[in-house]
Structures are given as structure tokens and as C-alpha cells.
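Participant: everything below, folded, please.
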Amino acid sequence: MLRRLVQWHREWEDEVHGVLVDPGHAAVAQSGMRRRLAAKLAALTPIERRQLREFSDAHRGPRGYWLLAKLLMLFSAGGVVWHLFVPAMGWAFAIGVANAVGITLLVGTLDAWFNYRKIVRDWRKFLRQMVGFWGVMVLVDAAFKVAVKGVPARVVFAALPSHLGWVLAVALLIWVPQLAVSLLRYRQYQVLAEQLQREAENERLARELAESQLRLLRAQIEPHFLFNTLGAVQQLAQHGDPRAATLTGDLIDFLRSSMRDIRSEQVGLAAEFGLVESYLKVMQVRLGTRLRFELRLPPALEQVRIPSMIVLTLVENAIKHGIEPALRGGGIDVSAEALGSVVRIRVQDGGVGMSILSGAGEGGTGLDNVRHRLRLTYGDGAGLALRDGDPGLIADVTIPRQQP
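Facilitator: As a prediction, the model looks like this:
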């Protein structure tokens, strides 16, 4: 019998835990009292469910049984002390009343700790219920004395006002601390809810800012880049240079890829490397022998998704701040590599090196945008690191291998 009771309690604990994790589990709870309790738990706010789940996780199973046993022993010890001070009160009655009061206080405290919003809203109702409960207990005790112990009714009824007064005093002694705890918890709930709301609002604003920066970045197919490239096409065409057709094709590929990525917050590494390749081909025609490049993307990483145009931003910075200022130009090496649980994307140039950071903090607006978008997409699981390549600069982006 005891084993079946323990098994039932464990199943009920698992059911409660499931509802606290996912309120949708309330629909599959067993009918009757358990279904009604599951519905009440599902109606709690996310903050309340999280608080109750943390308490439940800490006191499930044997730990909960042992804690309850220790509390019952403490209540019983209080009953024994009560009997010693009031010998006229029997052992059983003193221990029973002490456990009843202790359990009531325990349940009331837990109720105030986790049901604080309802108690604060309906504090009058809870006071009436508490007074009513103990009033009924006094009437039951009076009826027991008259019917079973044979105490004259007039004696019992004469003592009722005094007993009811004590009931009111006990109810107030229980209710006032319970209300105080509920008010304290309710205030904490409000502070936490406001904090979470502010964080959610800040995250929303941060995402909107990142999206606006991304739109700005996408619009930064800079006019001088287009004009210079078109000017180069015109100049090559005037001299009958066949490279004019190649440059035009590379520019079209770049613009087509850019327009495609405008509609995507994230793209695969294969698409991003294709965009970078089109850009570098255009720049190679413009810069001539001053620019050399190599792209290495393992087939296993082609479908890994990243925020769009992040690698392109790093390559644009390498051209603008590393290759163009160098008298002899330099090479750009773009690669991706799996390193355990992360993917490292590296852009290394052979230009002038750490001058990209001079006067621009950690690299200016473009790199700040990269860091911000990485943080919004992956949290602390991704980052951008810059270091001197001797010669040139190395920019490493690390992202989780498993996508969020």
C-alpha cells in the first residue's frame, strides 16, 4: 500500500513538473483534482511557474519526504512542550493540535510564498476563509464534547465566545504574517517583471537597431564603389580591353548576390563566400596586381548559417584599411574551419596591419556592427577577435557549430 502511494506521489510530482515546464501539459493531466490543479498551475505567469519549479526541483522525491518528516517531528515536539505546560491537556490532543497549527502555518506560508498575487488581490476573502475554517473547527470540537464526552451543552455554549475569540486571534496571527509575506513577494514580482520587461524592450530595440544597421550596411554598396567600378568598365571598354566584359559580369554577380541576401537575415557560408568572391573579383580588376586572394571553404561547412554580409564586411575592411593603403598591395585569405564545437571564419590580409584600429577603437562602425549582430544571434557563444598578422591583420569570427 505504501509503495503504491509513493508511486502515485512520484507520478503526480512528474505531472506537476511537466506543467511547470510547459503549461500545455495540463491538457493531458489526469482527470479530477489533478486536472484542476494542473489548470491552475498552467494559469500562473512565467515568473511564478519558474519560481515554483525551482522550489519543486529542490524538494522532489526523498528530499521532500525527509523535510516533511522533520517538520512533523518539530510540530509534535511543540505539542509535547504544550502538554508539559498544560498537563490538563492530553498528550494526543496537544500533539494533534500542534501538528494541525504547524501544518496550517506551513501551508499558509507556502501559499503566501507562491500564491502571493492572488492573496494580495483577495486578502479579505482569505481572511474570511481562515476565520471560517477555525470557527468550524471550534464548533466541531464543541459538538464532539457534547455528543461523545457528555459535557453539558450549556457549559460548552458558555465557553464558545471565548473559544471563538481565541480563533479570531489565532487567525489574525496566521493571516497577518501571511499577508506580509505575500506583499513582500508581490513587490519582488513587480520588480522582476519590470526588469524582464525592460530587458525584453532593450532586446527588441537592440534587434531593431541591428536590423537598421544591417539595412544601412546593405545599402553601403557604396556609391563610389559602383561609380569607380563602372568607370573602370567604361575605361576598359574604350580601349577595347576584353576585361570589360569580365568586370561587368563580376559586378552583376555581386549585385545579384547582394540583392538576394537583402531578403535574408542569415545565409549559408557557401552563399556568403560566393558574394565575397564576386566582390574580390571586381576589386581585383580595379586594383590589378596589387590584390591577390584565396577562398577556402570545406564542403562540410557550406550549409552553416551566419548573419548575412558579416564576412563581406570584414573583407571590405581588409581592402579599405589594409590593401589599398599599402604601396605594393597584398593578398587576402578567407577561410572557414571547424574547431570542435565552433566554426572559425578567418579573414587575413597582407596589408598595413593594425593601422585599421588606429583612431577607431576596435575597428570602427563596420566591425562594431559585426560584433553586435553576432551577440544578438548567438549571445556569448560567438565573437570577433582582431590581431596583427605580421604582415597585415587577422580577423577571426567564431560561431557555434550547432546553430541556435
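
Participant: pLDDT of stretch 61-77, averaged?
Facilitator: Stretch 61-77 comes out with an average pLDDT of 84.

Participant: in three-state terms, label D396 for me.
Facilitator: D396 carries the three-state label strand when classified by DSSP: H, G, I helix; E, B strand; the rest coil.

Participant: over to G240?
Facilitator: Relying on three-state DSSP, one would call G240 coil.

Participant: likewise for D390?
Facilitator: Applying three-state DSSP: D390 is coil.

Participant: count the neighbours of it for me.
Facilitator: 10 (other C-beta atoms under 10 Å). Where you see a C-beta, it was placed from the backbone N, CA and C, and this is true even at glycine.

Participant: ok, it - contacts?
Facilitator: When contacts are counted by C-beta atoms under 8 Å, 6 or more residues apart in numbering, D390 touches G353.

Participant: got phi/psi on it?
Facilitator: For D390, the backbone dihedrals (degrees, to the nearest 10) come out as phi 50, psi 70.

Participant: ramachandran angles for I332?
Facilitator: According to degrees, to the nearest 10, I332 has phi -120, psi 130.

Participant: wait, it touches K320, no?
Facilitator: No: judged on C-beta atoms under 8 Å, I332 makes no contact with K320 at a distance of 11.7 Å.

Participant: ok, the two, which is more surrounded?
Facilitator: More neighbours surround I332 than the other of I332 and K320, with 26 against 16 (other C-beta under 10 Å).

Participant: count of residues packed around the nearest residue to the more buried one once chain neighbours are set aside?
Facilitator: Nearest residue to I332 in three dimensions, chain neighbours excluded: F293, at 4.4 Å (C-beta to C-beta, 6 or more residues apart in numbering). Using other C-beta under 10 Å, F293 has 21 other residues around it.

Participant: using CSV, list the CA coordinates for the helix or strand containing F293.
Facilitator: Using DSSP states H and E, F293 falls within strand 291-296. Provided in CSV are the C-alpha atoms of strand 291-296 (Å, rounded to 0.1, in the frame of the first residue of the first chain):
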residue,chain,number,x,y,z
LEU,A,291,45.3,42.4,-54.9
ARG,A,292,45.6,38.7,-54.7
PHE,A,293,43.0,36.5,-52.9
GLU,A,294,42.2,32.9,-52.0
LEU,A,295,39.0,31.4,-50.5
ARG,A,296,38.9,28.1,-48.7
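
Participant: just the buried residues of that strand, please?
Facilitator: L291, F293, L295 (16 or more other C-beta atoms under 10 Å).

Participant: how close does the last one get to S335?
Facilitator: The one in question is L295. L295 sits 7 Å away from S335, going by C-beta to C-beta, to the nearest Å.

Participant: same deal with the first one?
Facilitator: As defined by C-beta to C-beta, L291 lies at a distance of 17 Å from S335.

Participant: ok so, going back, any idea how far the residue nearest to I332 is from A318?
Facilitator: For F293 relative to A318 (C-beta to C-beta), the value is 10 Å.

Participant: in contact with the residue lying farthest from the centre of the chain, which residues?
Facilitator: Within the chain, the residue lying farthest from the chain centre (C-alpha atoms, centre = their mean) is P152, at 65.8 Å. Listed by C-beta under 8 Å, 6+ apart, the contact set of P152 reads V146.

Participant: and the one 3 residues further on, by the same measure?
Facilitator: Taking C-beta under 8 Å, 6+ apart as the contact definition, V155 lies against nothing.

Participant: now the helix or strand that contains it: average pLDDT?
Facilitator: Using DSSP H and E, V155 falls within helix 153-219. The average pLDDT for helix 153-219 rounds to 71.

Participant: how long is stretch 331-349 end to end?
Facilitator: Separation of the first and last residues of stretch 331-349 by C-alpha to C-alpha, to the nearest Å is 6 Å.

Participant: in that stretch, what's buried?
Facilitator: Neighbour counts over stretch 331-349 (16+ other C-beta under 10 Å) mark G331, I332, D333, V334, A336, V342, V343, I345, R346, V347, Q348, D349 as buried.

Participant: sheet partners, orientation included, of the helix or strand where V267 lies?
Facilitator: According to DSSP H and E, V267 maps onto strand 266-268. Each strand paired with strand 266-268, and its direction, by DSSP bridges: strand 305-307 (antiparallel).

Participant: what's the following helix or strand after the strand it pairs with?
Facilitator: That would be, after strand 305-307 and using DSSP H and E, helix 310-317.
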